[in-house]
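*Asks:* I'll drop the sequence and a predicted model, then ask my questions.
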Amino acid sequence: MFTVPNLITISRILLVPVFALMFALPGAGARLVAFVIFCIAGASDALDGLAARKLNAGSDFGRMLDPIADKILVGVALMMLVAEGNIQQFNLDLTPGVGLRSLLKLVPALVILSREILVSGLREFLAGAAVSVPVTRIAKTKTTIQMVAIGAMILDPLAWRWLPGNAALTYSTIAYAGLWLAAALTVGTGYAYFRAGLFHLHPRARAVREQRRARKAAHRHAGEPA
């Protein structure tokens, strides 16, 4: 269980509360540290997969833990970003943390988190149905855009503090656009999982699953000593 890839994945989970603490602390220094921690944790997602392939150290424990670590990191980061905002009064104020800007963070965050819950449930169902849904190129692109957009959003308050007005607005617009693009891709990939789940709810698909299970059971019994 304590292989190099699994230790990297575990370290990603352990970095999440440190990230949340630094994010919550006031000051530009703490926010920069939070950004660096988020980048390290995000990069470790690719690193543990690379280590598993290079060292031939893949395991069921790692395959189980890796998506959990990703969801914890993304979920906590989105909740921390949304917690900065104030949407008690809807207005077109573009000041960081209030009005429209808060709403523009909340909506894609809710979409992304809802998709993760949906996909987790569908994966559990499809795993019980002995069906594997491979990760598509679009899903990988979504993950990359999502991590870059969240990282950019973490630095958004500093951009408004350190950059000239037009440059800060351009940076913030790109960061928000990236988050909305990730949310749109999230809907697309979530729909693909949902369609797979609906297909395997069809009576014909259920019959195929029952036949598959019966064949596996027959093979197991055939291998048992009389």
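*Replies:* Arrived safely.
*Asks:* Could you point out the longest helix of this protein?
*Replies:* helix 165-199 (DSSP state H).
*Asks:* Run through the neighbouring helices and strands of that one.
*Replies:* Packed against helix 165-199 by the contact rule (3 or more Cβ pairs under 8 Å, 6 or more residues apart in numbering; DSSP states H and E) you find helix 99-128, helix 137-154, helix 156-162. Every C-beta, even on glycine, is put in place using the N, C-alpha and C of the backbone.
*Asks:* Check the offset of the last one from the chain's centre.
*Replies:* Translated: helix 156-162. 25 Å (Cα atoms, centre = their mean, to the nearest Å).
*Asks:* ditto for the first one
*Replies:* For helix 99-128, the distance between its averaged C-alpha position and the chain's averaged C-alpha position is 9 Å (Cα atoms, centre = their mean).
*Asks:* what's the most buried one of the helices and strands packed on helix 165-199?
*Replies:* Highest mean neighbour count among the helices and strands packed on helix 165-199 (mean count of other Cβ atoms under 10 Å): helix 137-154, with a mean of 18.
*Asks:* Against residue 162, how distant is residue 146?
*Replies:* 25 Å (Cβ to Cβ, to the nearest Å).
*Asks:* Ignore what I typed, I meant residue 123.
*Replies:* 42 Å.
*Asks:* How about the contacts made by the closest residue to residue 39 other than its chain neighbours?
*Replies:* Using Cβ to Cβ, 6 or more residues apart in numbering and skipping the chain neighbours, the partner closest in space to residue 39 is residue 151 (6.1 Å). Contact analysis of residue 151 by Cβ atoms under 8 Å, 6 or more residues apart in numbering lists 35, 38-39, 42.
*Asks:* filter those residues to the buried ones?
*Replies:* Buried subset of the contacts of residue 151 (neighbour count, 16 or more other Cβ atoms under 10 Å): 35, 38, 42.
*Asks:* And the contacts of stretch 47-62?
*Replies:* So stretch 47-62 is in contact with 1, 3-6, 8-9, 12, 66, going by Cβ under 8 Å, 6+ apart.
*Asks:* go on, stretch 163-177?
*Replies:* By Cβ under 8 Å, 6+ apart, stretch 163-177 touches 94, 96, 101, 104-105, 149, 152-153, 155-156, 159-160, 162.
*Asks:* From the contact counts, what lies against the helix or strand where residue 10 lies?
*Replies:* Per DSSP states H and E, residue 10 falls inside helix 4-24. Contact partners of helix 4-24 among helices and strands, from 3+ Cβ pairs under 8 Å, 6+ apart: helix 28-54, helix 60-83.
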